[in-house]
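A.B. asks: no sequence on this one, just coordinates:
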């Protein structure tokens with residue numbers, strides 16, 4: 001085992017959470033209580049001393065570091081893996097530095113902002129023999145993986161189209177989602193869920209994409225798109241469409257329509273509440289609700305098992321690479337007003353219901369400067 005795993009018979013992977021923003025505080029840090037079987041939170045990395053002090057006390061953590069001390073954290077012998085929860089533009093640098101230190105990397109999506117960065121991350125992981133996984137939490141969640149099973153079972157007939165809407169209001173003009181330099185923009189932040197869902201439901205990669213972006217006169221969106229509409233053409237003449245927006249009321253849903261039936265998942269992408277299926281076949285509809293669960297502990301447990309057992313994770317860096325490549329093509333299409341053809345390597349492994357891990361929901365913790 002690479003890194004500082006310690007004893008040969010180690011059964012627990014020790015993590016540093018790097019970046020203590022909103023998602024780290026409401027979801028990642030609390031998830032370790034539900035992943036204690038093989039995952040332990042042992043270090044925190046942030047440039048906010050108040051966050052470091054209060055969160056360390058809240059979670060009983062002795063090892064805390066500033067970003068300037070990150071390399072010290074990697075070399076200190078207290079961790080085996082990092083969970084990168086930083087702004088998008090920092091994912092590559094902090095992942096590559098961890099890989100060079102022999103530390104395994106679980107990185108939030110999007111994997112990176114540019115194609116060069118994502119390739120650098122994969123190359124560093126391969127060169128230094130560490131595991132790299134991208135944090136696609138829905139690959140371990142029942143409602144979405146059950147949707148894959150339903151579509152692939154033939155119950156809907158031949159799947160013909162996917163359509164999704166994922167929208168929310170980003171009120172704070174200083175939110176990193178609205179800052180281009182930090183990897184902001186609707187496709188990187190929420191559109192990636194729609195892209196990934198279409199790919200795992202169709203079990204194919206898009207061959208051509210088109211996009212249209214809108215910004216309007218709202219000063220919040222002077223650097224990034226407020227809304228982007230997308231069409232993706234898949235093999236077998238299947239089409240996927242979606243709209244994502246930072247300036248509309250909350251919607252998180254998708255539909256898959258086949259020649260015999262229709263599945264609606266609404267909500268589909270949320271991590272804190274229940275999700276729901278409405279399956280309609282031959283005019284008869286059935287509703288199934290999936291109770292709220294911790295969607296982050298399963299990621300940790302699965303990744304820790306991959307490290308301990310020497311298995312390659314799914315979703316891997318190549319999964320993150322594909323989504324970023326599609327996002328870059330979509331923004332090129334939006335800028336040029338023309339479709340963009342894609343040649344994306346077919347994926348060998350895709351998420352299935354066998355990866356689902358059930359953990360109870362977390363209680364919302366006290367937040368510090370988030």
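C.D. replies: Sure thing, it's come through. Quick caveat, the model's predicted, so the values are computed rather than measured.
A.B. asks: surely residue 37 is in contact with residue 301?
C.D. replies: Yes: contact criterion C-beta atoms under 8 Å: residue 37 and residue 301 qualify, at 6.4 Å. The way it works is simple: take the backbone N, C-alpha and C, and place the C-beta from them, glycine included.
A.B. asks: more neighbours: which of those two?
C.D. replies: Neighbours were counted for residue 37 and for residue 301 using other C-beta atoms under 10 Å; residue 301 has more, 21 against 12.
A.B. asks: any idea how far residue 72 is from residue 48?
C.D. replies: Using C-beta to C-beta, to the nearest Å, residue 72 is found at 18 Å from residue 48.
A.B. asks: okay, those two: which has more neighbours?
C.D. replies: Neighbour tally, residue 72 and residue 48, criterion other C-beta under 10 Å: the higher count belongs to residue 48, 15 against 12.
A.B. asks: how about the contacts made by residue 42?
C.D. replies: Contacts for residue 42 (C-beta atoms under 8 Å, 6 or more residues apart in numbering) come out as 14, 15, 16, 61, 62, 63, 78, 79.
A.B. asks: show me where the stretch 201-350 of the chain has strands.
C.D. replies: 208-214, 227-234, 238-245, 247-258, 261-265, 275-281, 284-290, 340-341 (DSSP state E, counting those that start in this stretch).
A.B. asks: could those strands go into JSON lines alongside mean pLDDT, distance to residue 187 and mean neighbour count?
C.D. replies: Below are the strands of the stretch 201-350 of the chain laid out as JSON lines (pLDDT from 0 to 100; distance: least, C-beta to C-beta, whole Å; neighbours: other C-beta atoms under 10 Å):
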{"stretch": "strand 208-214", "mean pLDDT": "97", "distance to residue 187": "8", "mean neighbour count": "18"}
{"stretch": "strand 227-234", "mean pLDDT": "98", "distance to residue 187": "6", "mean neighbour count": "21"}
{"stretch": "strand 238-245", "mean pLDDT": "98", "distance to residue 187": "7", "mean neighbour count": "21"}
{"stretch": "strand 247-258", "mean pLDDT": "97", "distance to residue 187": "15", "mean neighbour count": "18"}
{"stretch": "strand 261-265", "mean pLDDT": "98", "distance to residue 187": "20", "mean neighbour count": "21"}
{"stretch": "strand 275-281", "mean pLDDT": "98", "distance to residue 187": "23", "mean neighbour count": "18"}
{"stretch": "strand 284-290", "mean pLDDT": "98", "distance to residue 187": "26", "mean neighbour count": "11"}
{"stretch": "strand 340-341", "mean pLDDT": "98", "distance to residue 187": "13", "mean neighbour count": "14"}
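A.B. asks: between the ones you listed, which one is closest to residue 359.
C.D. replies: Counting by C-beta to C-beta, residue 359 lies closest to strand 284-290 out of those; the figure is 13.2 Å.
A.B. asks: surely residue 199 is in a helix?
C.D. replies: Yes: assignment of residue 199 by DSSP: H, G, I helix; E, B strand; the rest coil places it within a helix.
A.B. asks: that one: how many residues sit nearby?
C.D. replies: Residue 199: 24 surrounding residues under other C-beta under 10 Å.
A.B. asks: could you list the domains of this structure?
C.D. replies: 13-137+297-315, 142-292+323-349 (automatic domain parsing).
A.B. asks: what lies in contact with stretch 263-279?
C.D. replies: With C-beta under 8 Å, 6+ apart, stretch 263-279 has contacts from 26-27, 137-138, 141, 143-144, 146-147, 150-151, 155-156, 164, 166, 190, 193, 197, 252-256, 261-262, 280, 285-292, 295-296, 361.
A.B. asks: so which helix or strand takes in residue 50?
C.D. replies: Per DSSP states H and E, residue 50 falls inside helix 49-59.
A.B. asks: wait, residue 88 sits on residue 182?
C.D. replies: Yes: judged on C-beta under 8 Å, residue 88 makes contact with residue 182 at a distance of 6.4 Å.
A.B. asks: rewinding a little: which parts of the helix holding residue 50 are buried?
C.D. replies: By neighbour count on 16 or more other C-beta atoms under 10 Å, the buried set for helix 49-59 is 51, 52, 54, 55, 56, 59.
A.B. asks: can you check stretch 181-197 too?
C.D. replies: If you call a residue buried by 16+ other C-beta under 10 Å, then stretch 181-197 has these buried ones: 182-197.
A.B. asks: follow-up on the earlier one: export the buried residues of helix 49-59 to JSON lines and tack on pLDDT and distance to residue 233?
C.D. replies: Formatted as JSON lines, these follow (pLDDT from 0 to 100; distance: C-beta to C-beta, whole Å):
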{"residue": "51", "pLDDT": "97", "distance to residue 233": "45"}
{"residue": "52", "pLDDT": "97", "distance to residue 233": "48"}
{"residue": "54", "pLDDT": "97", "distance to residue 233": "50"}
{"residue": "55", "pLDDT": "98", "distance to residue 233": "46"}
{"residue": "56", "pLDDT": "98", "distance to residue 233": "50"}
{"residue": "59", "pLDDT": "97", "distance to residue 233": "47"}
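A.B. asks: now render those residues as JSON lines, adding distance to residue 118.
C.D. replies: Listed next are the buried residues of helix 49-59 as JSON lines, based on distance: C-beta to C-beta, whole Å:
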{"residue": "51", "distance to residue 118": "28"}
{"residue": "52", "distance to residue 118": "30"}
{"residue": "54", "distance to residue 118": "34"}
{"residue": "55", "distance to residue 118": "30"}
{"residue": "56", "distance to residue 118": "32"}
{"residue": "59", "distance to residue 118": "31"}
